[in-house]
Structure formats: C-alpha cells, structure tokens
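[1] What shape does this take:
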Amino acid sequence: MSPAKPPATDVSLTHPDRLYWPDEGVTKQILADYYAAVWSFMAPYVVNRPLALLRLPDGIKGHQRFFQKHAWKGMNAHIDEISDPQDAESEKLLRISDFDGLVALVQSAVLEIHPWGTTTDHWERPDMITMDLDPGEDVAWSAVISAALEVKARLEGRGFAAFVKTSGGKGLHVVAPLAPRAGWAEVKAFAHSLAEQMSADTPEKYLATAAKAKRAGHIYIDYLRNGRGSTAVAPYSTRARPGAPVSMPLDWPELNGLSGPAALTLANVPQRLQTRPSNPWGGFFDAAVPLE
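    Presented below is the predicted three-dimensional model:
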C-alpha cells in the first residue's frame, strides 16, 4: 500500500534540524517527512476535527510541555481557529483542513495530535467509538491483546465493525466507525455500558473505573474518550515518549506478532507502509453503521 506521492506544502520550517527526540535523532524535518509519508492514510482522522495538541518546543527532554486546545502567540495561519457552536463566547478551538495545517503543527512543535471523535460538519454527532485499553502494572501484553479481541467481539455482536491500533503508549485502542446520527450522551452511554459489562463479567481482569488503587493487575477500559470535547490520540500521530512511538493502525491478525504497544515508531512505520499489501483501516468509514 505504497503511500501516495508526498504532498507539497507552503509552510516553511524554521530550524528544521531542531531535535524533537534527541536520543533517536528525530528532527523537525524528519517529523515533517514522516507525516508526508503517512498523510494519505492519516488525513480522514485529523482533518476538520477539533484538536487538542501536545506541544514540546524543546523536544521530549525539554521542560516546556503545553497541552493546548486554543491558539498560542505566533500560531501559523494554516491552523484554523473555530468557534464551538455550544460555547461561542469562549476561546476558539483549533482545526486543520489540509497537509499545510499538519506541517504548521510540526513547525509549532506539536508532537501529539488528539482529535475529537467527530468532524466540524456534525459537531454533535460522533463518527466513532473509541475504547482505550489501559493496562495497570504487571499486566502482560498478551492480556491486553485478549482484551482488545473481547471488545471486538462485543462490538461486532452489536453490529459494529471494529478496528485496532496501538496507542503508542501502554495499550491498545479499539475503534468502531459510526454513522453520525446519535448524540454524544448516547454514544458515551453505550461505551460506558460496554466497559461495565466487561468489568462485571470478568472483574479479576477488567475495570470500568479509573481508581488508581485498584489498577494493579487489571486493564482499565477507558470509555471516557467518547464524551463531547474528549479526545484520543490520532491514528499515525507520534507520541512524545522515548523511542518516538506512533499510534499505529493494524490488521487484527498482526497483534500476535507485535512485541508491545510502542513497537511501531517513526523510524519503522514508513518502511512498513511501503511493504504492506493493504491499508488496515482502508475501509473504516465505509463500515460505519448508526448506534441504534
């Protein structure tokens, strides 16, 4: 599934050799080149969506770390400011509409991109459900894979398609595309009930609450990604962590061959895309059905 020819951009990078991941030698230019390689796959998940952004102007070893949902001084014009239709008086939110916008994020030291689960075409109707599997201490990677397969089975049992990606952190995200008809409250309630059912059926393995005291040895099934204004890291986004891991879409059979949730990185993903026969999330939005 060789990526399309890298898109052109009008955005110029200042200090392209600035190190964002010093130990890995990843510079601003290398990050921009990575996003050019994955843009054709990534675009549907980041374009025209409200965004929360993690900016690290001095790279992952620097002291400056800003989690931003609003504009900053000197922000590039290719990053749009948009009004929340439910809160027009508050600070404007952020969005990109094209590859120039993504390069503008790179220029601004955005190392993680966290979109809402909807587009600004239908603000109040999510177009995906995200179940974030977050393992506590001492949970084997194989148990996280098993949990993802169980979420898949439960979603499919309700008529949804289920897709999987690494979080680039500790766990996995199982994501179901939605026809954007139900509102935020209904979608969050559905995700909550799915997490509660898994926790009730197998309490020795799963938790549906984030209580730190109970986390050890359990997988927290985080359904809170599905509330209005909540976000989850975008497919193909890098993470501001050692190794420059990427939140990477996978085919389900690939999970068993994966060494861990941070195994796919900025260094190995572009080569992987050139050698794979198909895009694992290629049919994502075509598979969308409404939440009844």
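
[2] So residue 114, which state does it fall into?
    Residue 114 falls in the strand class when you classify it by DSSP: H, G, I helix; E, B strand; the rest coil.

[3] And it, how far from residue 178?
    Between residue 114 and residue 178 the distance is 18 Å, computed by Cβ to Cβ, to the nearest Å. The way it works is simple: take the backbone N, C-alpha and C, and place the C-beta from them, glycine included.

[4] so where's the stretch 1-150 of the chain shaky on pLDDT?
    1-5 (pLDDT under 70).

[5] at 80 what do you get?
    Residue ranges of the stretch 1-150 of the chain with pLDDT under 80: 1-6, 88.

[6] show me where this structure has strands.
    19-21, 26-27, 51-55, 66-68, 80-82, 93-95, 110-115, 128-135, 163-166, 172-177, 206-207, 219-222, 249-250 (DSSP state E).

[7] hang on, the earlier thing: for residue 114 and residue 178, indicate the residue with more neighbours.
    residue 178 (25 against 21; other Cβ atoms under 10 Å).

[8] The more buried one pairs with what?
    residue 289 (DSSP bridges).

[9] who's in contact with it?
    126-129, 160, 187, 288-291 (Cβ atoms under 8 Å, 6 or more residues apart in numbering).

[10] Identify, from those, the entry nearest to residue 225.
    The nearest member of the contacts of residue 178 to residue 225, counting by Cβ to Cβ, is residue 129 at 8.5 Å.

[11] Find the residue closest to residue 199 in space, skipping its chain neighbours.
    residue 208 (4.1 Å; Cβ to Cβ, 6 or more residues apart in numbering).

[12] can you count the residues close to the one you found?
    19.

[13] go on, residue 73?
    By other Cβ under 10 Å, neighbour count at residue 73 equals 4.

[14] separation between it and residue 149?
    46 Å.

[15] now the strands of the chain in a markdown table, with distance to residue 238?
    A markdown table is the format used below for the strands of the chain (distance: least, Cβ to Cβ, whole Å):
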| stretch | distance to residue 238 |
| --- | --- |
| strand 19-21 | 8 |
| strand 26-27 | 8 |
| strand 51-55 | 10 |
| strand 66-68 | 15 |
| strand 80-82 | 21 |
| strand 93-95 | 18 |
| strand 110-115 | 6 |
| strand 128-135 | 18 |
| strand 163-166 | 12 |
| strand 172-177 | 15 |
| strand 206-207 | 28 |
| strand 219-222 | 21 |
| strand 249-250 | 14 |
